[in-house]
Each structure stands twice: as structure tokens, then as C-alpha cells.
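J.: predicted model and sequence below, questions to follow.
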Amino acid sequence: MLARSEARLVFLAGGTLLVGELETRTAHGVTGVVDLRETGLDKINLREDVVSVGAMCTFSMVAAHPVLSKLADGLLKRAAYGEGPLNLRNAATVGGVVACAEYDSELYAALLALDAAVTLYTLEGMKQTLPLRKSSIDGGLIAEVTLSMAKRHGGAARIARTPSDRPIVAAYAAAPCDGDANPEVAMCGVGPRPLMAGPPLDPPDDFKGSAEYRLAMAEIVSQRALAQLEKAPSHVR
């Protein structure tokens, strides 16, 4: 359907962003949508040492799942709750988070910290699995996100205008429980999309906070997230 040349169609997943863009005419040139609800991409499966999360799984499904909700001390659950209120969590999807890569998405940052991989199908029908950290997901149908179930500790910190608001800046950190590797820190609110800590940051300058303020807060939330790892118990809950 997407390969049709006489129309410009886009994927409709949870619709939390696309519907608003269509109503306000900011999704220019779109003539129709391809509804993904009947594709069967709303399953969470455990396979040996990995968990696969279908692209149509909602934030609420992630937060309620008995394995995902406890992974890395509940890192994904915390991130899902940071994305917005219940009505949004019941509609917004994991695939939509990856596709849109909003600059202040805590769930995207948590997926980065946990070194998630994305499986997608190109318009030619080829299947690809790409590491989220090293790839810009642009084009094709996102099928699932896969995560290792290796035991890890997690820590997160955020700064927002109110506890229920989307963050100005947030940091998510993860590290193996055995301590054999250094912690990994991902951030949002410090660039055009969430990213791993380390490279020069390019934060926006908007009504929520100046670029200078975001840079200063980035260091603080990173330290707070890492401090939670140091205080983590010796077992994974």
C-alpha cells in the first residue's frame, strides 16, 4: 500500500502525534493512512535471553508487563510513565516512539541506555535489524524492538516544570549487575533527538529552558542517574 505512486500514505500506529498533525494540516501532502492495528505487531515475546516488543505495543503494555516492568530496576516502566498521562500511555506505541524520536522522549532514552535493537521491513520487503544507538530509523515498517534480559541495574533522573510534565532534561543509566562494564547513560532534551551521553550536546533553546540551562542540568541529571546505580542492591528486583 505504501508503494502506491498515486497517493502519499503514512503509517498510523497509536495516532497520538499523527492525528494532531493531520487535523492541523502540518502533515503536508498526506492523502491517507495505513492502519497497523491488524498487523499482529502488539505482542511481547520472551526468546531465550532477549525480549521482543512489538511495534504496536502501547506504553501501558510495557509498564504492566511482568518482565519489562522490572528490567534494569524498572527503567522502562519509569520511562513510560514519564511520557505522559494514562490516556496517552494507552494509545502511544513503542514503534511510534522509535519512528518519531522526539527530543524529549524518556522512553527512547531508556531504550538507548538498554542498547535496544530495532527490526524493520523495507518497502521492498527486506528484513533488517539495526542497533538503535547507531542507526537513524528512517523509512520502512518498524516491526519490533528487542532487548537483552541480562541482569542490569538502572537509574533515572529528570528535571521538569511539574512532576507530570514531559522533561526539560532527563538521563537514563544502565549497567551490568556484575560490574564488568562501565555504566551507559542516555539523555533526552539535549539535542534534536535523544542520544547517548558523551558527544557535544546541542540542546534546544525554548520556553522550557535556555540552551545554557539545559547543558547545566544535563550534568546534574547524569550524576543523579549514576548515583542511583551505585546505591542499587546486589540483586535485580
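T.: Good, I have the coordinates. Residues are numbered from 1 along each chain as shown.
J.: not counting the strand or helix carrying Glu144 itself, show me its contacts.
T.: Taking DSSP states H and E as the definition, Glu144 sits inside strand 141-148. Under the criterion CB atoms under 8 Å, 6 or more residues apart in numbering, residues 2, 11, 36, 41, 49-55, 68, 71, 94-95, 98-99, 111, 114-121, 127, 129, 132 lie in contact with strand 141-148. From N, CA and C alone the C-beta is placed, and that goes for glycine too.
J.: buried ones in it?
T.: Neighbour-count burial for strand 141-148 flags Leu141, Ile142, Ala143, Glu144, Val145, Thr146, Leu147, Ser148 (criterion: 16 or more other CB atoms under 10 Å).
J.: which strands or helices does the strand or helix carrying Leu107 pack on?
T.: Following DSSP H and E, one finds Leu107 within helix 106-113. Helix 106-113 sits against helix 75-82, helix 94-100, strand 152-159, strand 169-176, strand 184-188, with contacts defined as 3 or more CB pairs under 8 Å, 6 or more residues apart in numbering; DSSP states H and E.
J.: the closest residue to Leu112 other than its chain neighbours pairs with what?
T.: In space, and not counting its chain neighbours, Leu112 is closest to Ala186: 3.7 Å by CB to CB, 6 or more residues apart in numbering. Assessed by DSSP bridges, Ala186 has beta-bridge partners Tyr172, Met196.
J.: likewise for Val10?
T.: Here Val10, judged by DSSP bridges, has bridge partners Val33.
J.: follow-up on the earlier one: grab the CA positions of the strand holding Glu144 and hand them over as PDB.
T.: Output of strand 141-148 as PDB, limited to C-alpha atoms (Å, rounded to 0.1, in the frame of the first residue of the first chain):
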ATOM      1  CA  LEU A 141       7.800  -0.600   8.800                       C
ATOM      2  CA  ILE A 142       9.100  -1.000  12.300                       C
ATOM      3  CA  ALA A 143       8.200  -4.500  13.500                       C
ATOM      4  CA  GLU A 144       9.700  -4.900  16.900                       C
ATOM      5  CA  VAL A 145      12.200  -3.700  19.400                       C
ATOM      6  CA  THR A 146      14.400  -6.300  21.100                       C
ATOM      7  CA  LEU A 147      16.200  -6.000  24.400                       C
ATOM      8  CA  SER A 148      18.600  -8.200  26.300                       C
END
